[in-house]
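**Student:** show me how the following folds:
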Amino acid sequence: MLKVEWTSKAIEDLHKLDNLIALRIIRKITWFADNFEKIIPEPLAGGLKPEKLGPALARPVTFTMHEPAYSAGNLRGMAVFVDHFGNCNTNIPRSMIESAGLKVGDNLTVLTPAGEAAVKFGTTYADVPTGRAVAFIDELNTLKLSVNMGSFSKSYETRAGSKIEVRKNTE
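**Tutor:** Numbering: from 1, shown residues only. Next up, the predicted model:
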C-alpha cells in the first residue's frame with residue numbers, strides 16, 4: 001500500500017479551500033493510496049522531469065490512516081480534516097453509525113486526545129446550545145464533530161490524524 005505523507009504546507013493549503021472541496025481532495029488521495037497497486041502505469045508526465053515540479057521535501061508531515069471500526073458498542077476512527085471553524089470530519093461512515101444504532105437525540109461520549117467529550121447526536125449545529133458539542137452525519141455521509149459557535153478541534157485538542165472513539169451513553 002502506498003503511504004501518503006502530508007506536508008504542513010499541504011495541510012495549510014487544504015484549510016484555505018472550501019470544506020467540501022478539501023474533503024473531496026483528501027478522499028481522492030486516500031483512494032489513490034489504497035488503490036495504487038491496482039493502477040496500470042501509463043505515461044502521465046508528457047516528458048516533464050520531476051525536478052520541474054518543485055524541490056524535494058526534507059521533512060514532510062505525515063499521519064497514518066486508521067480504518068474505521070465498530071465493535072462492542074464502540075465506533076473507532078480518526079479525524080481526517082479540520083476546517084477553519086474547528087469542525088472535525090472523521091472517516092466513520094454513515095453505514096457504521098447506523099450499524100451502531102445511533103439515533104438523533106442520543107447522548108454520546110467521544111474519546112478525544114483531550115479526554116472524554118459529552119456530545120449530542122443531531123442533524124445540525126442548532127440541535128445543541130451555543131458552546132455545546134454536537135455530532136452529525138455530514139454531506140459526505142461521514143461523522144462530523146462540532147461545537148455550536150465554537151471549535152471542536154480547540155476544545156478537545158483534535159486535529160487531522162487524531163484517533164477518536166464514540167460510544168452511545170446507556171444512562
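**Student:** next, count neighbours for Val134.
**Tutor:** Val134 has 23 neighbouring residues, counting by other CB atoms under 10 Å. Yep, even glycine has a C-beta here, placed from its N, CA and C like the rest.
**Student:** same check on the one 10 residues further on?
**Tutor:** Other residues lying near Lys144 total 23 when counted by other CB under 10 Å.
**Student:** look up the pLDDT of it for me, please.
**Tutor:** pLDDT recorded at Lys144 is 97.
**Student:** nearest residue to it in space, please, no chain neighbours.
**Tutor:** Closest residue to Lys144 apart from its sequence neighbours, by CB to CB, 6 or more residues apart in numbering: Asp138 at 4.1 Å.
**Student:** can you check Asn74 too?
**Tutor:** Arg167 is the one closest to Asn74 (CB to CB, 6+ apart), at 5.0 Å.
**Student:** what helix or strand is the one you found on?
**Tutor:** Using DSSP states H and E, Arg167 sits within strand 163-168.
**Student:** now do that strand: everything it contacts.
**Tutor:** 66, 73-79, 88, 90, 92, 100-102, 106-113, 119, 135, 143, 145, 158 (CB atoms under 8 Å, 6 or more residues apart in numbering).
**Student:** report the buried members of those residues.
**Tutor:** Neighbour counting with 16 or more other CB atoms under 10 Å marks 75-79, 88, 90, 92, 100, 102, 108, 110-112, 119, 135, 143, 145, 158 as buried within these.
**Student:** report the contact partners of the residue positioned nearest the centre of the chain.
**Tutor:** Most central in the chain under CA atoms, centre = their mean is Val80, positioned 2.4 Å from the mean C-alpha point. By CB under 8 Å, 6+ apart, the contact list for Val80 reads Leu23, Ile26, Thr30, Met65, Asn89, Thr90, Asn91, Ala160.
**Student:** can we see that at 10 Å?
**Tutor:** Going by CB atoms under 10 Å, 6 or more residues apart in numbering, Val80 touches 22-23, 26-27, 30, 63, 65-66, 88-92, 140, 142, 160-162.
**Student:** what is the burial count for the residue nearest to Lys144?
**Tutor:** Number of residues near Asp138 (other CB under 10 Å) recorded here: 18.
**Student:** so it touches Leu23, yeah?
**Tutor:** Yes. Between Asp138 and Leu23 there is a contact at 8.2 Å, judged by CB atoms under 10 Å.
**Student:** who are the packing partners of the longest helix along the chain?
**Tutor:** The longest helix of the chain (DSSP state H) is helix 19-35. For helix 19-35, the packing partners by 3 or more CB pairs under 10 Å, 6 or more residues apart in numbering; DSSP states H and E come out as helix 8-16, strand 74-82, strand 88-93, strand 142-147.
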